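Undergrad: need a structure here:
(one chain, ligands or ions: 1)
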Amino acid sequence: MPSGVVDAFKNLIRHGKHHSHHNNNQPKQPHADSPHPAIPPEPSRPMSPGPLEAAQLIVDEERQARSKMPKYAGLENFELMEKMGDGAFSNVYKAIDLRTGLKVAVKVVRNRRVDTDLILSLFFLLILFLLRADQAGDKHLNPQFKKKPRVTERSNILKEVQIMRGIHHPSIIKLFSFSESSEHYFLVLELMEGGELFHQIVKLTYFSENLARHVILQVAHGIRYLHEERGVVHRDIKPENLLFERIPIIPSNPPPERRPYDEEKEDEGEFTPGVGGGGIGRVKIADFGLSKVVWNEETMTPCGTVGYTAPEIVKDERYSKSVDMWALGCVLYTLLCGFPPFYDESINVLTEKVARGYYTFLSPWWDDISHSAKDLITHLLCVDPAQRYTIDEFLAHPWCNAAPSAPPPPTPTVYANQPPSAASSIPLDSPLLSAARGGRAHEGRSPGLATLKEAFDITYAVHRMEEEGARRRKYMGPSSAGPRGHLGGLNEEDDEDDVMDEGEDGLVEAGVAGVGAGAQFAGGRAGPRDQGAGTRRQGPRKAKGGFQLDLDGATLLGRRHRKVGAAPPVSSPLSGKAIGSPLRMEGLKMGNEDDSPVNSPMHVG
Ligand SMILES: Nc1ncnc2c1ncn2[C@@H]1O[C@H](COP(=O)(O)OP(=O)(O)OP(=O)(O)O)[C@@H](O)[C@H]1O
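TA: Residues are numbered from 1 along each chain as shown. Next comes the predicted model:
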């Protein structure tokens, strides 16, 4: 800690003022030297050192944070302000474009051309190997263990960029520019200060139906645009990839009645149609790293099949899109109750549940949720993609049209649909606007959150590979030697998704051809994009000896207390709270009517 901060802190203690440490999640006070100081000095008395020093403390912290930001050659036009998030392949920073003064998000992805990176990777692998050896008996996920972002193949990042370039929709993060240096790729993106929807679900435990509708409809309109107007399938729709703009929470009047088992739920506040609620305004889809083009706009044909529109290819396009619809169902389920539809402590059972579509509307948490919402979810989480709702069917469902949910106003940013240079004259960064959007939002990741993310990732990867792998085998034959081009050159490498491969950490990465046959997967980021030596590849990693999914500290799940009804057999190891029903190969045990599995091999759709 720099001496200035220490001194200021000592002063605060000496003067008996208690100031809580600056909370990253709260809007910051203006600086002491800003044109609108938060606490003006009182002229009649000597200035109290407390508030000023508190302001100084904040300024110092900000400076310190900025000075700690890495410097990237090639990114001289941007000042990095804080880290907003990281993925398996990137670090994402809030930044100011120094040419325009506008705030943006900069996604920094390492490329694989630099030898020093290779050396670092090898060093990292060695550490990883030693750690794994040390944890040989540990079959649990270790979400706290942060990996250094992996390198990404140029073709993969170009695919992501190419797809994003053609996309202009208020529900989708805008890509402003792309550049690269010898060591990194840089994607300059529209900034969403609210951060991930995941964090807001954890904060509020679950959403009211109005708020869930507000969120899911925005996502659905984005998906409709991608599917129907751009021929793009996202393939990674999950709460982590849904970002939001913060709006103020207006406390409910009268205060909401709490469900007896949910006394800890925070008030999500009044819902304002056309604006939002629960602190959530605009919601946008991010991260196109796994997306695919399945329809060629120019030729109006499925990709790579000019003049060839055999029924199975047309069907294949529909089925590709259906992966997003299934994911939309998972998100909607999670928004409404606060835990995911597919969960089990055992990775084998979780895999089996996903593959067979076993989930339940668990009592008591689902008791007060409308039948219409449940009906909609059953049409999304059905095993047979042919039976699953398309996006238009989703949008036509009565639940989507039931209640007050005018679409929120367009994003009040100047970045949207304009290059940064064209935006320089607009005072985007006004205090008013930033106040309306709330403060910074990157919240610390709790282990529970990280573990829950793992569960989502595993679920999605299993589902994608199960469905896409089955289709590939069906249409192309087991050897996959047939005409592979129907998804277009953009997707070539993804078509290898379910091929056994040697992962960067020395573990075998496997497809899920054998789902349900005892496949066991290692911890770490299951899924998306580990491709060979650090390039993008999807798919859970197969462990030597397998492991059990550890939900210790699962914030989202642990908050859902069960006080009534019989305890179902699957529970969080943290709280002992029941969150799922067991998978029985010979039949499923039923807690109550609503706990019965919605999909079964006999009952599909
Ligand atoms: N435009 C943005 N505004 C604010 N935060 C963002 C933005 N884009 C990304 N983030 C944050 O950074 C995280 C990682 O971004 P992203 O998912 O695009 O990276 P990735 O390397 O592709 O990740 P993944 O491992 O999920 O594939 C997001 O989950 C989010 O928290």
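Undergrad: the stretch 101-250 of the chain: helices as residue ranges?
TA: Secondary structure of the stretch 101-250 of the chain (DSSP state H, counting those that start in this stretch): helices located at 115-134, 154-165, 197-204, 209-224.
Undergrad: hey, least reliable of these by pLDDT?
TA: Here the lowest mean pLDDT among those goes to helix 115-134, at a mean of 60.
Undergrad: rounded mean pLDDT for stretch 359-374, please.
TA: Mean predicted confidence for stretch 359-374 is 93.
Undergrad: so where's this structure uncertain?
TA: Applying pLDDT under 70 to the chain flags the ranges 1-49, 62-63, 65-67, 112-124, 126-152, 259-263, 296-318, 403-451, 471-605.
Undergrad: what is the burial count for the residue in it that the ligand sits nearest to?
TA: Nearest residue of the chain to the ligand: Gly87, at 1.8 Å (CB to the nearest ligand atom). C-beta here means a position set from N, CA and C on the backbone, and glycine is covered the same way. Look at Gly87: counted by other CB atoms under 10 Å, it has 19 neighbours.
Undergrad: test my guess that it contacts Ala286.
TA: No. Between Gly87 and Ala286 there is no contact under CB atoms under 8 Å: 9.8 Å.
Undergrad: can you pull the contacts of the residue nearest to His169 when sequence neighbours are not counted?
TA: In space, and not counting its chain neighbours, His169 is closest to Tyr225: 4.5 Å by CB to CB, 6 or more residues apart in numbering. Counting by CB atoms under 8 Å, 6 or more residues apart in numbering, Tyr225 touches 167, 169, 171-172.
Undergrad: before we move on, the earlier item: and the residue of the chain closest to the ligand, what are its phi and psi?
TA: phi -120, psi -170 (degrees, to the nearest 10).
Undergrad: what does Val275 give?
TA: phi -120, psi -50.
Undergrad: hmm, stretch 231-249 in reach of the ligand?
TA: Yes. Counting by CB under 6 Å from any ligand atom, the ligand is contacted by stretch 231-249 at 240-241, 243.
Undergrad: which of the residues in that stretch are buried?
TA: 231-247, 249 (16 or more other CB atoms under 10 Å).
Undergrad: that one: end-to-end distance?
TA: Counting by CA to CA, to the nearest Å, you get 37 Å between the two ends of stretch 231-249.
Undergrad: ok, and the most crowded of the contacts of Tyr225?
TA: If you count neighbours using other CB under 10 Å, the busiest of the contacts of Tyr225 is Ile172, which has 24 neighbours.
Undergrad: where's it relative to Pro385, distance?
TA: As judged by CB to CB, to the nearest Å, Ile172 and Pro385 stand 23 Å apart.
Undergrad: show me which residues of this protein sit near the ligand.
TA: Contact residues (CB under 6 Å from any ligand atom) of the chain with the ligand: 84-90, 92, 105, 107, 173, 189-192, 195-196, 240-241, 243, 286-287, 289, 528-529.
Undergrad: recalculate using a threshold of 8 Å.
TA: The chain has residues 84-92, 94, 104-105, 107, 109, 149, 160, 173, 189-196, 236, 240-241, 243, 284, 286-287, 289-290, 442, 525, 528-529 near the ligand, with proximity defined as CB under 8 Å from any ligand atom.
Undergrad: quick one: which of those residues sit in strands?
TA: 84-86, 90-92, 94, 104-105, 107, 109, 189, 195-196, 243, 284 (DSSP state E).
Undergrad: residues in contact with Ile96?
TA: Each residue near Ile96 by CB under 8 Å, 6+ apart is listed here: 78-79, 81, 102-104.
Undergrad: next: Gly222.
TA: The contact partners of Gly222, by CB under 8 Å, 6+ apart, come to 169, 171-172, 284-285.
Undergrad: make a markdown table out of those and add distance to Thr272.
TA: Formatted as a markdown table, those follow (distance: CB to CB, whole Å):
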| residue | distance to Thr272 |
| --- | --- |
| His169 | 23 |
| Ser171 | 18 |
| Ile172 | 23 |
| Lys284 | 19 |
| Ile285 | 23 |
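Undergrad: list the buried residues in the helix or strand Leu336 falls within.
TA: Counting by DSSP states H and E, the element that carries Leu336 is helix 311-337. Neighbour-count burial for helix 311-337 flags 313, 316-317, 319-337 (criterion: 16+ other CB under 10 Å).
Undergrad: closest to Glu266 among the contacts of Tyr225?
TA: The nearest member of the contacts of Tyr225 to Glu266, counting by CB to CB, is Ser171 at 25.7 Å.
Undergrad: just give the nearest non-adjacent residue to the closest one, would you?
TA: Ser171 sits nearest to Gly222 (CB to CB, 6+ apart), 3.2 Å away.
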